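*Asks:* fold the following, please.
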Amino acid sequence: MQLLDVEAVLERERNIRRVKHEIEILKELDDKSTSYAILSHRWGNEVSYKEMTQLHTMNPRKRDDITGRDGYKKIIKSCGQAKKDGYRWLWIDTCCIDKQSSAELSEAINSMYQWYRNSGMCYVYLNDVDEPAFPTKEDFSRFGKSGGWPEWFSRGWTLQELIAPRNAQFFNKDWVPIGTKEKLAFKLEVITRIPQRVLFWGEVLTDKYSVERPCIAQIMSWAADRKTTRVEDRAYSLLGLFGVNMPMLYGEGLKAFQRLQLEIIRVSSDHSILAWNRRAQSGLCRSVLAQDPSYFRGCHDTKKVNPSLFVEKVEQYIHGGEPVVTADRDELSSFCNSVDSTRLLRWDVTNLGIQVSLPILSDRSDLSDPVYKAILPCRDCHGNLITIDLESHGPQFCLRHLPLLVYPIYARLEFRSLYLDCSAEPEWSCGKTVRLRDGDTSSHGFTRCGTFPRTEVAVYANDDASCRFAVGLGYYLGEQWGCVV
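*Replies:* Model (predicted):
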């Protein structure tokens, strides 16, 4: 990794108008053996690698333009803090990566989680916090565009930048320290829903044998409401959290998230990757893979079921009365004997789709096409097993979207191998657009003070009347719905 020489940067800044010769401010060093600090921040008007390295050769007018940017001042302040804390080296993503080199950019993105993990200290710069203290409660009047909290908490890349560092110090816009990751752990868990054990011990995410490791759906849920400038970065920013690597292909769009899920499947036996929230869809799709992290909204309490207990849980599910299953005792006994934990944990990505072995219920209702229900070895916040509705298309099974108030009767239970559709086809759009118009609300003294993405939720406030209300608009399986609270 290329690191800034803190003293060289500060020395050049002190003599910026007199420096005529080249000063080496970046050096290639090993992240495992070097003591360095690292910056986490929200991008604005930044300074690039080329501008930072060639600053001394520029004419005064162009140089003054660069040194006057907030991004440059951020670099200088970071270097000053690093020097104060005893660090000679500092890494900042804006100016330490030559983004004109695709190889260097790809290496940086694939290594970034580890670079933050190996840093001695991470400086978290909150450019929209004015007070000399960390925000203690949601404030939609100040942070309406980012869910009531500083914008840093709404960005995709900052998720791994919060989890990975062992030590982190938060600063307000004037570089006043406002708390450490350790002391703010409880508040950080409230804001992000990331358990404190993960914030304290980031290795738990990549240790596949740890009983403390959250399931895939839970990790994905932390990114559900985060944004990135490029759609591909919604996937690329999660690589380190799952311990996988893949090449960067900017321009592939939503396929990046599909590739990420397939890479995770190749190294994991966690079925919760299929347990995303079907209600998050704004349309309909056949693939069993989610289209982006927002589909995992609401999955923060999803848990895996121990394979040794799975058969017992399936029996309880069958006898629970919902869904209706008419399988007799002999068939249930045959099913229990057929479940193979090795087959259950094995995944294969093939040309026909994702090959898995799962308990399957087949319907005997009068629907024109047979309906199947696959039972996953994971449970929701109420302890119920999670299932997905499927339909057969030749050798493949794809998602089935049942109409509301349709309840199939299942007559057969078996443990079988399936090929699940994982194609990256777009959703079937319902052809409808949802818009919120603020004209009527503003005439009554209400202004919109917060908006949440994907499922459209807007919060309106009338400060004079000390009154607020929220409007929710969205889709459920392709049908419009609305709610006012």
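*Asks:* so which residues of the stretch 1-150 of the chain form strands?
*Replies:* Assigned by DSSP state E, counting those that start in this stretch, the strands in the stretch 1-150 of the chain fall at 2-5, 26-28, 36-41, 89-91, 121-125.
*Asks:* restrict the first one to CA atoms and write it as CSV.
*Replies:* In CSV, the C-alpha atoms belonging to strand 2-5 read as follows (Å, rounded to 0.1, in the frame of the first residue of the first chain):
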residue,chain,number,x,y,z
GLN,A,2,1.1,3.6,-0.7
LEU,A,3,1.3,5.6,2.5
LEU,A,4,1.7,9.4,3.1
ASP,A,5,4.9,10.4,4.8
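*Asks:* which residues are in contact with residue 416?
*Replies:* Contact analysis of residue 416 by CB atoms under 8 Å, 6 or more residues apart in numbering lists 357, 358, 360. Where you see a C-beta, it was placed from the backbone N, CA and C, and this is true even at glycine.
*Asks:* can you list those in a markdown table and add pLDDT, secondary structure and distance to residue 72?
*Replies:* Compiled in a markdown table, those are given as follows (pLDDT from 0 to 100; DSSP: H, G, I helix; E, B strand; the rest coil; distance: CB to CB, whole Å):
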| residue | pLDDT | secondary structure | distance to residue 72 |
| --- | --- | --- | --- |
| 357 | 94 | strand | 57 |
| 358 | 93 | strand | 55 |
| 360 | 90 | strand | 60 |
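*Asks:* for these, give me JSON lines that also has distance to residue 27 and neighbour count.
*Replies:* Listed next are the contacts of residue 416 as JSON lines, based on distance: CB to CB, whole Å; neighbours: other CB atoms under 10 Å:
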{"residue": "357", "distance to residue 27": "52", "neighbour count": "19"}
{"residue": "358", "distance to residue 27": "52", "neighbour count": "25"}
{"residue": "360", "distance to residue 27": "58", "neighbour count": "21"}
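*Asks:* picking that back up, could I get the strands of the stretch 1-150 of the chain as a markdown table with distance to residue 262, mean pLDDT and mean neighbour count?
*Replies:* Shown next, in a markdown table, are the strands of the stretch 1-150 of the chain (distance: least, CB to CB, whole Å; pLDDT from 0 to 100; neighbours: other CB atoms under 10 Å):
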| stretch | distance to residue 262 | mean pLDDT | mean neighbour count |
| --- | --- | --- | --- |
| strand 2-5 | 31 | 97 | 22 |
| strand 26-28 | 33 | 96 | 13 |
| strand 36-41 | 29 | 98 | 26 |
| strand 89-91 | 30 | 98 | 25 |
| strand 121-125 | 31 | 98 | 22 |
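*Asks:* to residue 388, which of these lies closest?
*Replies:* strand 36-41 (36.6 Å; CB to CB).
*Asks:* make CSV out of the strands of the stretch 1-150 of the chain and add distance to residue 343.
*Replies:* Shown next, in CSV, are the strands of the stretch 1-150 of the chain (distance: least, CB to CB, whole Å):
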stretch, distance to residue 343
strand 2-5, 47
strand 26-28, 47
strand 36-41, 43
strand 89-91, 45
strand 121-125, 43
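*Asks:* residue 172 is nearest to which of those strands?
*Replies:* Closest of those to residue 172 is strand 121-125, at 8.5 Å (criterion: CB to CB).
*Asks:* give the pairing partners of the closest one; include direction for each.
*Replies:* strand 36-41 (parallel), strand 168-171 (parallel) (DSSP bridges).
*Asks:* give the contact list for residue 112.
*Replies:* Here residue 112 is in contact with 93, 160, 239, 240 (CB under 8 Å, 6+ apart).
*Asks:* relative to residue 251, which of the residues you listed is nearest.
*Replies:* Checking the contacts of residue 112 against residue 251 by CB to CB gives residue 239 as the nearest, at 17.8 Å.
*Asks:* where do the helices sit along the stretch 1-150 of the chain?
*Replies:* Applying DSSP state H, counting those that start in this stretch to the stretch 1-150 of the chain gives helices spanning 6-14, 49-53, 60-67, 70-84, 102-118, 140-143.
*Asks:* in the last one, what's buried?
*Replies:* When you say that, I think you mean helix 140-143. Applying a neighbour-count criterion of 16 or more other CB atoms under 10 Å, one finds 140, 142, 143 buried in helix 140-143.
*Asks:* so who does the second one touch?
*Replies:* Each residue near residue 142 by CB under 8 Å, 6+ apart is listed here: residue 128.
*Asks:* and the gap between it and residue 251?
*Replies:* Distance, residue 142 to residue 251, by CB to CB, to the nearest Å: 36 Å.
*Asks:* can you say which helix or strand has residue 483 in it?
*Replies:* When elements are assigned from DSSP states H and E, residue 483 belongs to strand 479-484.
*Asks:* what does residue 241 give?
*Replies:* Assigned by DSSP H and E, residue 241 falls in helix 239-242.
*Asks:* against which helices or strands is the helix or strand following that helix packed?
*Replies:* Counting by DSSP H and E, the element after helix 239-242 in chain order, helix or strand, is helix 255-267. Helix 255-267 sits against helix 233-236, helix 239-242, strand 348-350, with contacts defined as 3 or more CB pairs under 8 Å, 6 or more residues apart in numbering; DSSP states H and E.
*Asks:* mind redoing it with 6 Å?
*Replies:* Other helices and strands packing on helix 255-267, by 3 or more CB pairs under 6 Å, 6 or more residues apart in numbering; DSSP states H and E, are helix 233-236.
*Asks:* name the helices or strands packed onto the helix it packs on?
*Replies:* Going by 3+ CB pairs under 6 Å, 6+ apart, helix 233-236 lies up against helix 255-267.
*Asks:* in the helix it packs on, what's buried?
*Replies:* Buried-residue list, helix 255-267, by 16+ other CB under 10 Å: 256, 257, 258, 259, 260, 261, 262, 263, 264, 265.
*Asks:* quick one: the strands in the stretch 301-450 of the chain, in order.
*Replies:* In the stretch 301-450 of the chain, the strands defined using DSSP E, counting those that start in this stretch lie at 303-304, 324-325, 348-350, 353-363, 372-379, 385-393, 396-399, 409-420, 447-452.
*Asks:* alright, I will stop here.
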